[in-house]
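Peer 1: have a look; sequence and predicted model below, questions after that.
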Amino acid sequence: MKSSRLVLSVLVALLLPGSAFAYLQPNVNLGFTSFLDGGPPAGPGHYISEYLQYYTSDDLKDGPPGDNEVDVWVLMNQYIYQSDQTLLFGGKWGMNVMLPIVSLDFDSLYLSDNGTGLGDLLIGPYLQWDPIMGANGPIMLNRIEFQTIWPTGDYDEKKNLNQGSNHFSFNPYWAATVFLGPKATVSWRLHYLWNDDNDEFRATPQGLAPGDLKLEPGDAIHGNFSAAYEVLPKQLRLGINGYFFNQISDTKVEGNDVDDDEKVFAIGPGLVYHFSQDTHLFVNAYFESGAENRPEGERYNLRFIHHF
């Protein structure tokens with residue numbers, strides 16, 4: 001068994017040179033969250049959040065030659081429970097569960113997609129701290145979530161782009177909002193991504209490997225950031241929002257390092273409209289730059305959240 005896998009890895013190295021193992025990171029939170037991200041908007045209770053995100057690109061950096069276009073629609077369904085019970089270091093426990101429905105469309109001579117289906121299930125227990133208060137109101141909100149990504153999504157080893165990653169990932173984050181005054185805020189969410197092995201990898205941008213390979217995408221840091229200013233009291237905030245993704249360790253194929261690290265940066269305008277303390281609408285646009293070994297394009301996001 002070991003010798004056959006070694007033969008496979010040698011054949012892949014010989015037959016599929018140059019960016020053969022790019023575009024392999026799992027689907028993570030790039031631009032889904034933005035303003036006022038440091039805490040639930042209405043305190044303890046149950047939340048339902050619905051996201052609709054559209055991503056488009058006709059520029060696949062370090063990818064196959066020729067015209068390549070990709071369009072992705074994501075409907076993300078999220079349930080959050082925020083308790084009022086202190087658990088650890090003053091933090092109150094909560095639970096976040098997310099399940100996406102993903103539609104993929106690749107227009108390429110070399111790359112293939114898996115159509116429409118369910119993405120991977122995300123489950124994240126978290127700790128939410130009460131606001132740090134100052135003389136004139138809140139100064140800072142903080143949350144830490146131990147997010148996990150489970151390989152429940154649709155996956156076809158013969159397709160380049162799938163809804164699911166076919167491996168487990170651990171993707172914890174720290175989210176915070178800082179109040180710069182009565183109207184201005186800045187927020188961020190910083191993740192560390194660790195990926196387990198995918199033992200059924202075959203599809204590369206250069207074609208199919210001759211058999212299943214053991215692939216482990218490299219670790220990465222990624223995050224969202226935003227700044228907003230209240231222009232209508234308790235109703236409308238306008239601002240800028242962005243995200244970044246930076247792979248910090250090499251992908252491994254059959255235990256061997258492959259130097260095809262992924263990177264991207266994006267920024268754009270956004271807003272949040274507060275219908276009430278319990279109901280909110282976020283609108284975000286992102287324009288990518290500096291991509292390496294992944295598509296570079298545009299991303300548009302709607303998020304509706306309601307507190308029960």
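Peer 2: Sure thing, it's come through.

Peer 1: how about the secondary structure of Tyr155?
Peer 2: Following DSSP: H, G, I helix; E, B strand; the rest coil, Tyr155 is assigned to coil.

Peer 1: and it, how close does it get to Gly255?
Peer 2: For Tyr155, the distance to Gly255 (CB to CB, to the nearest Å) stands at 22 Å. The C-beta positions use only the backbone N, C-alpha and C, and glycine is treated the same way.

Peer 1: the two: who's more crowded?
Peer 2: Set side by side, Tyr155 and Gly255 show more neighbours around Tyr155, with 19 against 11, by other CB atoms under 10 Å.

Peer 1: where's that one relative to Asn162, distance?
Peer 2: According to CB to CB, Tyr155 and Asn162 sit 5 Å apart.

Peer 1: find residues that contact each of these two.
Peer 2: Common neighbours of Tyr155 and Asn162 (criterion: CB atoms under 8 Å, 6 or more residues apart in numbering): Asn114.

Peer 1: what's the first helix or strand after the lengthiest strand in the chain?
Peer 2: If you go by DSSP state E, the chain has its longest strand at strand 69-88. With elements assigned by DSSP states H and E, the helix or strand that comes after strand 69-88 is strand 91-107.

Peer 1: taking strand 69-88 as reference, get the angle to that next one.
Peer 2: Orientation check (axes from the mean of the first three to the mean of the last three CA atoms, to 10 degrees): strand 91-107 against strand 69-88 gives 170 degrees.

Peer 1: quick check: mean pLDDT across strand 91-107?
Peer 2: On average, the pLDDT along strand 91-107 is 96.

Peer 1: then stretch 235-252?
Peer 2: Stretch 235-252 shows a mean pLDDT of 97.

Peer 1: send the alpha carbons of the longest strand of the chain over as CSV?
Peer 2: C-alpha atoms of strand 69-88 as CSV (Å, rounded to 0.1, in the frame of the first residue of the first chain):
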residue,chain,number,x,y,z
GLU,A,69,-14.7,32.1,-15.1
VAL,A,70,-16.3,31.1,-11.8
ASP,A,71,-19.5,32.2,-10.2
VAL,A,72,-20.6,31.1,-6.7
TRP,A,73,-23.9,31.6,-4.9
VAL,A,74,-24.1,30.8,-1.2
LEU,A,75,-27.2,30.7,1.0
MET,A,76,-25.9,30.5,4.5
ASN,A,77,-28.4,29.4,7.3
GLN,A,78,-27.3,30.3,10.8
TYR,A,79,-28.7,29.6,14.3
ILE,A,80,-27.1,31.3,17.4
TYR,A,81,-28.0,30.8,21.0
GLN,A,82,-26.5,33.3,23.5
SER,A,83,-27.0,32.3,27.1
ASP,A,84,-27.0,34.5,30.2
GLN,A,85,-24.9,32.1,32.1
THR,A,86,-21.3,32.8,33.0
LEU,A,87,-19.0,29.8,32.2
LEU,A,88,-15.3,30.8,32.2
